[in-house]
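In: got a predicted model here, sequence first, then my questions.
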Amino acid sequence: MNYTQDGNDILLQQSDFNLDETLDCGQAFRWVKVSYNIYKGAFLNHPLTISCENGSDTFRLHNTTADEMENVWADYFDLSTDYGELKKRFSEDETLSKACEYAGGIRILKQDKWEALSSFIISQNNNIPRIKGIIGRLVEHYGGYPSCADMTNETADSLAYLRSGFRAKYLIDAVTKISSGEINLDEIAEMDIDNARKTLQTIKGVGPKVAECALLFGFYRTEAFPKDVWVKRVIANWYPNGLPDCVKGVEGIAQQYLFHYIRNLEK
């Protein structure tokens, strides 16, 4: 990671990073593109405006300190992972090679466990603008993204202002199970992947896809492999006998390249 302080901003030199491909690909729902090369968003209660300097590998993190860069954004943007090396590894496979070439600036956003789980509960059978609207109302109501503990007195009726429909009762079930200790998110982070999946799916409304998304983006379990209609199409067309060995252990990162590639290839 290479960065310098520039007045009130941080200038970050970072290869293998594209704002559109990372912040607008369905991993997180609190980022808004405000102009050609500028996004505004937040991680928990840390707001950020980030821009790309003239289409280069230089990024400006506006009104950010070196301390926040080191302790928040370096981890959130997964800056310690060598995505260039991962893409070389993935390029052993012909389809993945094309996917990495098409959208080589994707990075995994390492989100908070509860924020990711609750966001993907809200996301099911929903479109991105509506998901963002629901989460925006939740954040506005609490003055920031609420912790699970903040929501312990909520009911499905009290969440009516979210206009989230049936998802409200699923959020309440998650809050109840976590608050009671029936589910411990820190323990899930340490479980083998199959037990982690099973535990998350004891929450009402959390099926395989939501569990995989939560594990990948909230727990950084890179072996998690979310499958939506696009990824199922990738599997059927190119990997009917299973994924190639070059993605073992980081299937979820490979999935991001494949998802972006096939979704845009068929437009």
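Out: Ah, there it is. Remember, predicted model here, so these are calculated numbers, not experimental data.
In: what's the following helix or strand after the helix or strand hosting Ile135?
Out: Assigned by DSSP states H and E, Ile135 belongs to helix 128-142. Counting by DSSP H and E, the element after helix 128-142 in chain order, helix or strand, is helix 167-179.
In: pull out the buried residues from that next one.
Out: 167-178 (16 or more other CB atoms under 10 Å). The way it works is simple: take the backbone N, C-alpha and C, and place the C-beta from them, glycine included.
In: ok now it, how far from the chain's centre?
Out: 20 Å (CA atoms, centre = their mean, to the nearest Å).
In: grab the nearest non-local neighbour of Leu171.
Out: Ile121 (5.7 Å; CB to CB, 6 or more residues apart in numbering).
In: how about that neighbour, what does it touch?
Out: 167, 170-171, 174, 203, 205-206, 210 (CB atoms under 8 Å, 6 or more residues apart in numbering).
In: repeat for Trp31
Out: Trp31 makes contact with 23-24, 39-41, according to CB under 8 Å, 6+ apart.
In: with Ala189 instead?
Out: 113, 196, 219, 221.
In: hang on, the earlier thing: redo the buried residues of helix 167-179 as JSON lines? Include pLDDT and distance to Ala156.
Out: Formatted as JSON lines, those follow (pLDDT from 0 to 100; distance: CB to CB, whole Å):
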{"residue": "Arg167", "pLDDT": "95", "distance to Ala156": "9"}
{"residue": "Ala168", "pLDDT": "96", "distance to Ala156": "4"}
{"residue": "Lys169", "pLDDT": "97", "distance to Ala156": "4"}
{"residue": "Tyr170", "pLDDT": "97", "distance to Ala156": "9"}
{"residue": "Leu171", "pLDDT": "97", "distance to Ala156": "8"}
{"residue": "Ile172", "pLDDT": "97", "distance to Ala156": "5"}
{"residue": "Asp173", "pLDDT": "97", "distance to Ala156": "9"}
{"residue": "Ala174", "pLDDT": "98", "distance to Ala156": "12"}
{"residue": "Val175", "pLDDT": "98", "distance to Ala156": "11"}
{"residue": "Thr176", "pLDDT": "97", "distance to Ala156": "11"}
{"residue": "Lys177", "pLDDT": "98", "distance to Ala156": "15"}
{"residue": "Ile178", "pLDDT": "98", "distance to Ala156": "16"}
